[in-house]
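Chemist: what shape does this take:
(one chain, ligands or ions: 2)
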Amino acid sequence: MTVRVPRASLTTKSGKSVFVTRSPEETEALGRRIARGLTVPGVVLLRGSLGTGKTTLARGIATGLGLEDSSLVNSPSFTLVNIYKAKHLIYHVDLYRLEGERDFRSVGIEDFFGEDGVTIVEWGERLPFPARSALAVDLDDAGGDTRVITVSKPIRGKHKSRK
Ligand SMILES: Nc1ncnc2c1ncn2[C@@H]1O[C@H](COP(=O)(O)OP(=O)(O)O)[C@@H](O)[C@H]1O
Ligand SMILES: [Mg+2]
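Modeler: Residues are numbered from 1 along each chain as shown. Ligands and ions are numbered 1, 2, ... in the order given. Now for the predicted structure:
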């Protein structure tokens with residue numbers, strides 16, 4: 001199936017790009033595109049409530065970073081962190097169940113940030129400390145299969161690939 005990579009429907013003055021996706025496949029395609037603009041080490045904060053598509057977007061980002069088996073990418077709600085080996089290590093974290101400083105310390109999330117890899121954080125709004133130079137992505141459910149996805153920095157255009 002060919003999936004159209006959604007174009008930014010709007011770029012705001014502050015440089016945010018707003019995308020509208022209408023299927024999980026389109027959200028994955030957007031994730032692959034976001035991956036091309038990432039620097040390593042890097043942190044991506046996915047912010048949005050349950051069912052807005054954070055895991056779906058993470059799957060696209062991981063695929064874009066060279067992970068072949070995208071079925072590995074599932075919500076790490078119980079494990080807290082999944083680690084995938086692609087071109088770089090990918091740390092896929094979910095903060096949904098975490099409460100309080102102690103829990104956060106038990107994940108050791110800061111340790112990943114400096115690693116030569118990409119950390120993708122679901123429920124990134126719960127991170128109790130600022131993540132410098134993280135890419136923040138806000139996801140909103142606009143009803144049905146429509147998601148409004150706002151990326152905090154402009155991301156690279158369609159035709160550039162990572163070399
Ligand atoms: N445009 C869309 N983008 C992403 N997911 C969508 C979209 N439309 C419908 N869905 C559905 O919404 C759900 C998103 O789930 P998931 O990615 O696990 O969200 P989260 O991790 O934010 O809880 C899936 O069941 C998916 O099939
Ligand atoms: Mg999830």
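Chemist: quick one: end-to-end distance for stretch 30-41.
Modeler: Distance between the boundary residues of stretch 30-41 (Cα to Cα, to the nearest Å) amounts to 20 Å.
Chemist: ugh, typo on my part, it should be stretch 88-107
Modeler: Taking Cα to Cα, the span from the opening residue of stretch 88-107 to its closing residue is 20 Å.
Chemist: check stretch 124-144 too.
Modeler: Stretch 124-144 stretches 24 Å from its first residue to its last (Cα to Cα).
Chemist: buried residues of that stretch, list them for me.
Modeler: Counting neighbours by 16 or more other Cβ atoms under 10 Å, one finds that the buried residues in stretch 124-144 are Gly124, Arg126, Leu127, Ala131, Ala134, Leu135, Ala136, Val137, Asp138, Leu139, Asp140. Where C-beta positions appear, they are placed from N, C-alpha and C, glycine not excepted.
Chemist: inside strands: which ones of those residues?
Modeler: Here DSSP state E is the test, and the buried residues of stretch 124-144 give Leu135, Ala136, Val137, Asp138, Leu139, Asp140 as lying in strands.
Chemist: returning to that earlier point: which of the buried residues of stretch 124-144 sits closest to ligand 2?
Modeler: Nearest to ligand 2 among these, counting by Cβ to the ion, is Leu139 at 10.2 Å.
Chemist: excluding sequence neighbours, find me the nearest residue to that closest one.
Modeler: The shortest distance from Leu139 to any residue other than its chain neighbours is 3.3 Å, reached at Gly48 (Cβ to Cβ, 6 or more residues apart in numbering).
Chemist: angles on the backbone of the nearest residue to Ile109 once chain neighbours are set aside, please.
Modeler: Counting by Cβ to Cβ, 6+ apart, Ile109 lies nearest to Val93, which is 5.9 Å off, once chain neighbours are set aside. Val93 adopts backbone torsions of phi -110, psi 150, taken as degrees, to the nearest 10.
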